[in-house]
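Undergrad: Generate a structure from the sequence data that follows.
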Amino acid sequence: MKLLILQQAEQQTLRDMGVFHPHPRVRIRAQAIVRLSQRLTLQQTANEFHVHLNSIEAWRQRWNKQGLMGLYEGHHTGRKRKWTDQQQEALRALAQADGGSANSLLRTLAQTEGLPAISQETARRYLHEMQFSYKRYRYSLKKSIHRKLSARPHE
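TA: This next block holds a predicted model:
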């Protein structure tokens, strides 16, 4: 096993990151690097942090190559969008022309085009990303309760 030697400034930075960093995974990685510098083996460190031995080795290698930047995660792409940009543009055009709820827009688009089905929540997210917003209904429950309370004569 290669010995991991840290300078005093690196140790202090890693200890601070291990306590105060906002991302829990970065905190764990910083603590693990400190523990490796205290002559713990890879297996002992893996057992202490309840991760696989290969993870500890990858963290150590990234620390050696990239320093502090090696403790951060890369970008995770996630699942691709169901609708293409052209299909989202059709939703935008319909929302600008007709308006209405996300559900009514989805029904209209389902009748006119062969789009893959998406949920109302996904349609709302697309509309929100396009800077569309919907006001609450005029007689929502919260307002009607407030009106009833304020309309009562005080006893």
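
Undergrad: Just list the residues touching the residue nearest to residue 102 when sequence neighbours are not counted, thanks.
TA: Distances taken as CB to CB, 6 or more residues apart in numbering place residue 123 nearest to residue 102, at 4.2 Å, with adjacent residues excluded. No exception for glycine: its C-beta is placed from N, CA and C like everyone else's. Neighbour list for residue 123: 91, 102-103, 105-106 [criterion: CB atoms under 8 Å, 6 or more residues apart in numbering].

Undergrad: how far out from the middle of the chain is the helix or strand hosting residue 92?
TA: Under the criterion of DSSP states H and E, residue 92 resides in helix 85-97. Here helix 85-97 is found 26 Å from its chain centre; the criterion is CA atoms, centre = their mean, to the nearest Å.

Undergrad: And it, what does it pack against?
TA: Contact here means 3 or more CB pairs under 8 Å, 6 or more residues apart in numbering; DSSP states H and E; on that basis helix 85-97 packs against helix 102-112, helix 120-129.

Undergrad: Residue 25 versus the residue nearest the centre of the chain, what's the distance?
TA: In the chain, the C-alpha nearest the mean C-alpha coordinate belongs to residue 76, at 9.8 Å (CA atoms, centre = their mean). Computed as CB to CB, to the nearest Å, the residue 76 to residue 25 distance reads 12 Å.

Undergrad: Sweet, I'm off.
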